[in-house]
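Participant: okay, predicted coordinates and the sequence, questions at the end:
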Amino acid sequence: MFLDGRSERGRVKEFMTFRVKQVLVTLALAGLASTAAAQSAPPTPPESPRAVPGGQPASAAQPPSSDPQSPGTISGIVVDQSGAVVSGAHVKVTQQGQPQNDHPQGDPPQNREALSGTDGQFFFPSLPPGTYSLTVTSNGFAPKTLSGTLHAGQTENLPLIALNVADSLTEVQVGLSQVEVAQEQMRIEEKQRVLGVIPNFYVSYIPNAAPLNASQKFHLALRTLVDPFTIVIVGGTAGIQQAQGHFWEYGQGAAGYGKRFGADYADIASGTLIGAALLPAILHQDPRYFYKGTGSKASRFGYAVANSVICKGDNGRWQPNYSNVLGSIAAGGISNLYYPDQDKGDAALTFENAGVGIASTAVANLFQEFIIRHLTPKLNNRGVGGN
């Protein structure tokens, strides 16, 4: 919403942080994407129960062959707790309880490995009948093991294998320093885009991601400010303001548009550089949102809202989010340097804007926790250093 800029109170949201604008655009696109997906999704066919390894139900398997030595197959799909597929998961199937001399020609028990594809699927063909254990591992997740018996000629289609997020960091990549691990994880975050377009750099799907150093925090902030989507949002906002006559002191034409564009971009730059780079570097706080994805909806809701006023420190401990709060206040105060005199706010308006900024952060966090993850294609949540 754009308000008349001719009164001091009328401009209360004009120098809001870029986070508010991103939430509004994401909300609109997310609604369109969800509606299209609901209309195009085919109905799920009913499944008939059957026995599978681990005693879990799944779709009907191919009837066992009468040949006791006829090989069978095992296949399945690896997902996370939200139902999103996990590609690149390491799947290992091992035949149990049969020593080497029990096999013809001295063949050892079956021990095969595979990686899940981009659709999360894996497939093991030509497995001799027997008892098997199947172990699935992936960075950032806790290992999961299933076991059961594969009969002669049986085609075993396992139910969805849902991995839980690892509770703690239990695997360290030898030879990489903490800074190098953080650098690789940040490169993954820089590829995250909602609907393949909207940058989503400030969220980590690795619960124990390495902390960013000061240089990396400034790099992520500058990467956001020069992103084409940021420029498009600022340009569109300035155009709407000019069309509606906001900040009339700036005038019309190219000169007026340039002033509005500069003021809007300065709002975003000051908020991002101060709240997401300078203060986090000084106060040793992490500017990113750490996706929870586990627990009840109520606990996840509370976690998302609380993260508007608390954050994770570089020491891994939760603490008050001074960077976000003070950054919002500082950005509001700085904006008084370049807005027209009658549109400048007093101290009360600056703090009011800071409060609105904190509320918008809470809304953005709720979208991150419940919606945005499902709208981010090619999401890689198994970064370097996770388990």
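Facilitator: Yep, that arrived.
Participant: now do stretch 271-279: everything it contacts.
Facilitator: Residues outside stretch 271-279 that contact it (Cβ atoms under 8 Å, 6 or more residues apart in numbering): 17-19, 202, 217-218, 220-222, 224-225, 285, 287, 322-324, 326-328, 330-331, 357. Using the backbone N, CA and C atoms, a C-beta is placed for each residue, glycine as well.
Participant: how's the protein carved up into domains?
Facilitator: For the chain, the structural domains run 9-31+170-375, 62-153, going by automatic domain parsing.
Participant: where's the nearest residue to Pro129 once chain neighbours are set aside, which helix or strand?
Facilitator: Nearest non-adjacent residue to Pro129, counting by Cβ to Cβ, 6 or more residues apart in numbering: Ala152, 4.4 Å away. Assigned by DSSP states H and E, Ala152 belongs to no helix or strand.
Participant: correct me, but Gln252 touches Gln242?
Facilitator: Yes. With contact defined as Cβ atoms under 8 Å, Gln252 reaches Gln242; the gap is 6.6 Å.
Participant: so between these two, which is more surrounded?
Facilitator: Gln242 (20 against 11; other Cβ atoms under 10 Å).
Participant: residues contacting that one?
Facilitator: Tyr250, Gln252, Gly256, Tyr257, Arg260.
Participant: what secondary structure does the third one sit in?
Facilitator: Reducing the assignment to helix, strand or coil with DSSP: H, G, I helix; E, B strand; the rest coil, the entry for Gly256 is helix.
Participant: how close does it sit to Cys311?
Facilitator: 39 Å (Cβ to Cβ, to the nearest Å).
Participant: and the second one, by the same measure?
Facilitator: When Cβ to Cβ is applied, the distance between Gln252 and Cys311 equals 42 Å.
Participant: now do the strands in the stretch 51-200 of the chain.
Facilitator: Applying DSSP state E, counting those that start in this stretch to the stretch 51-200 of the chain gives strands spanning 72-80, 90-96, 111-115, 121-127, 130-137, 144-150, 155-157, 161-163, 193-194, 198-199.
Participant: okay if I get the ones you listed as TSV plus mean pLDDT?
Facilitator: Listed next are the strands of the stretch 51-200 of the chain as TSV, based on pLDDT from 0 to 100:
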stretch	mean pLDDT
strand 72-80	93
strand 90-96	91
strand 111-115	89
strand 121-127	92
strand 130-137	93
strand 144-150	93
strand 155-157	92
strand 161-163	94
strand 193-194	92
strand 198-199	94
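Participant: mind putting these in JSON lines, mean neighbour count and distance to Leu366 included?
Facilitator: As requested, these are exported to JSON lines (neighbours: other Cβ atoms under 10 Å; distance: least, Cβ to Cβ, whole Å):
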{"stretch": "strand 72-80", "mean neighbour count": "21", "distance to Leu366": "19"}
{"stretch": "strand 90-96", "mean neighbour count": "17", "distance to Leu366": "33"}
{"stretch": "strand 111-115", "mean neighbour count": "13", "distance to Leu366": "34"}
{"stretch": "strand 121-127", "mean neighbour count": "16", "distance to Leu366": "32"}
{"stretch": "strand 130-137", "mean neighbour count": "19", "distance to Leu366": "30"}
{"stretch": "strand 144-150", "mean neighbour count": "17", "distance to Leu366": "29"}
{"stretch": "strand 155-157", "mean neighbour count": "19", "distance to Leu366": "36"}
{"stretch": "strand 161-163", "mean neighbour count": "19", "distance to Leu366": "23"}
{"stretch": "strand 193-194", "mean neighbour count": "22", "distance to Leu366": "14"}
{"stretch": "strand 198-199", "mean neighbour count": "18", "distance to Leu366": "16"}
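Participant: off-centre distance for stretch 125-132?
Facilitator: 37 Å (Cα atoms, centre = their mean, to the nearest Å).
Participant: same deal with stretch 310-318?
Facilitator: With Cα atoms, centre = their mean, you get 18 Å for stretch 310-318.
Participant: re earlier: among the contacts of Gln242, which pair sits farthest apart?
Facilitator: Gln252 and Arg260 (10.2 Å; Cβ to Cβ).
Participant: among the strands of the stretch 51-200 of the chain, which is nearest Asn213?
Facilitator: For the strands of the stretch 51-200 of the chain, the distance to Asn213 is smallest for strand 198-199, at 21.2 Å, taking Cβ to Cβ.
Participant: below-threshold pLDDT in the stretch 101-250 of the chain: ranges please.
Facilitator: Within the stretch 101-250 of the chain, the segments meeting pLDDT under 70 span 101-110, 167-175.
Participant: and Gly196, how many neighbours?
Facilitator: Other residues close to Gly196 by other Cβ under 10 Å number 9.
Participant: now it: how far from Pro377?
Facilitator: 5 Å.
Participant: thinking again about what came up before, quick one: which of the contacts of stretch 271-279 sit in helices?
Facilitator: Secondary structure defined by DSSP state H assigns 18-19, 217-218, 220-222, 224-225, 322-324, 326-328, 330-331, 357 of the contacts of stretch 271-279 to helices.
Participant: can you flag the buried ones in those?
Facilitator: Buried subset of those (neighbour count, 16 or more other Cβ atoms under 10 Å): 18-19, 217-218, 220-221, 224-225, 322-324, 326-328, 330-331, 357.
Participant: for Pro207, what are its contacts?
Facilitator: Contacts of Pro207 by Cβ under 8 Å, 6+ apart are Gly140, Val165, Ala166, Phe290, Tyr291, Gly386.
Participant: now do 7 Å
Facilitator: Val165, Ala166, Phe290 (Cβ atoms under 7 Å, 6 or more residues apart in numbering).
Participant: write the PyMOL selection for whichever of these are buried.
Facilitator: This is the PyMOL syntax for the buried subset of the contacts of Pro207, where burial follows 16+ other Cβ under 10 Å:
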select buried, resi 165+166+290
